[in-house]
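Student: For reference, the sequence and a predicted model appear below.
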Amino acid sequence: MTRLHSLTRAEFAYPLTVADVYRLQEDGIIGDADSFELIEGEIVPMAAAKSNPHEQMKAALIRALVLALPATETVHVETSITLSETTFVEPDICVIRQPHDTQKVRGPELLLVIEVARSSIGYDLTTKLRLYARHGVRDYWVVDVGRRMVRVHRAADGDRFRDVVEFDASSEIAALLLPDVRIRLSMLD
């Protein structure tokens, strides 16, 4: 059993860096199975259990992306992406041009970032949105499983996106940097 949930500020110099976290994993203090993100130097545990509708939507999106993408791009699922020295996130889905070491990828190199949200909608539309904008992500989608709609965020400007459009399940969404990727939630069932 690892100690992720019992780590205290007194045990480590804060803010933690991404390199510190990797050392903690190597030392067995944090396990590979622990689900967390490092947000501006603080470990933020993520929900271990995800709902069936969340997982079904994620699986359908992954399938659609894999079928639409050329061989030069790769779909990554819940992969740690380093945004800065003190921040890494694990988006539900992201697309990266091959070959790439995901520990070296930065925001502008992410071709598409998708968060599938049910209970995490508030977090994905506030904390995650600010981080993705601040670090230059160019195409950020939040799929609201409960409402069956997608909020597409583009044109990062500081801690926000200037271009935000909502699409219902019947609308086709074209990925900004991946011209062959067109998604319609109603077609994923």
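Tutor: That came through, no problem.

Student: Please, which helix or strand holds the residue nearest the centre of the chain?
Tutor: Centroid-nearest residue in the chain, with CA atoms, centre = their mean: P91, separated by 1.5 Å. P91 is part of no helix or strand when elements are defined by DSSP states H and E.

Student: Check the burial of the residue nearest to it when sequence neighbours are not counted by counting its neighbours.
Tutor: Excluding the flanking residues, the one nearest P91 by CB to CB, 6 or more residues apart in numbering is V113, at 4.9 Å. Where you see a C-beta, it was placed from the backbone N, CA and C, and this is true even at glycine. Per other CB atoms under 10 Å, the neighbour tally for V113 reads 24.

Student: again, but for L129
Tutor: 22.

Student: Which residue, neighbours along the chain excluded, lies closest to it?
Tutor: Using CB to CB, 6+ apart, the closest residue to L129 is H153 (6.5 Å).

Student: With K58 instead?
Tutor: Nearest residue to K58, sequence neighbours excluded (CB to CB, 6+ apart): V116, at 4.7 Å.

Student: re earlier: quick check: the residue nearest to P91 is in a helix.
Tutor: No - going by DSSP: H, G, I helix; E, B strand; the rest coil, the assignment for V113 is strand, not a helix.

Student: That one bridge partners, please.
Tutor: C94, Y140 (DSSP bridges).

Student: wouldn't I93 be in contact with T79 here?
Tutor: No - contact criterion CB atoms under 8 Å: I93 and T79 do not qualify, at 9.2 Å.

Student: Point out where this structure drops to low pLDDT.
Tutor: 1-13, 48-50, 189 (pLDDT under 70).

Student: give me that answer again for 90
Tutor: 1-15, 21-22, 24-36, 43-54, 71, 80, 97-105, 118-120, 179-180, 188-189 (pLDDT under 90).

Student: thinking again about what came up before, how much space is there between the residue nearest to K58 and P108?
Tutor: 23 Å (CB to CB, to the nearest Å).

Student: More neighbours: those two, which one.
Tutor: A count of neighbours by other CB under 10 Å puts V116 above the other of V116 and P108, at 28 against 11.

Student: how about the strand or helix carrying the residue nearest to L129 as PDB, C-alpha atoms only?
Tutor: Element membership of H153, judged by DSSP H and E, is strand 149-157. Only the C-alpha atoms of strand 149-157 are listed here, as PDB (Å, rounded to 0.1, in the frame of the first residue of the first chain):
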ATOM      1  CA  MET A 149     -23.200  18.100 -25.000                       C
ATOM      2  CA  VAL A 150     -19.600  19.300 -25.700                       C
ATOM      3  CA  ARG A 151     -18.000  22.600 -24.800                       C
ATOM      4  CA  VAL A 152     -15.200  23.300 -27.200                       C
ATOM      5  CA  HIS A 153     -12.600  25.800 -26.000                       C
ATOM      6  CA  ARG A 154     -10.100  27.500 -28.400                       C
ATOM      7  CA  ALA A 155      -7.900  30.600 -28.700                       C
ATOM      8  CA  ALA A 156      -6.100  30.500 -25.300                       C
ATOM      9  CA  ASP A 157      -5.700  33.900 -23.700                       C
END
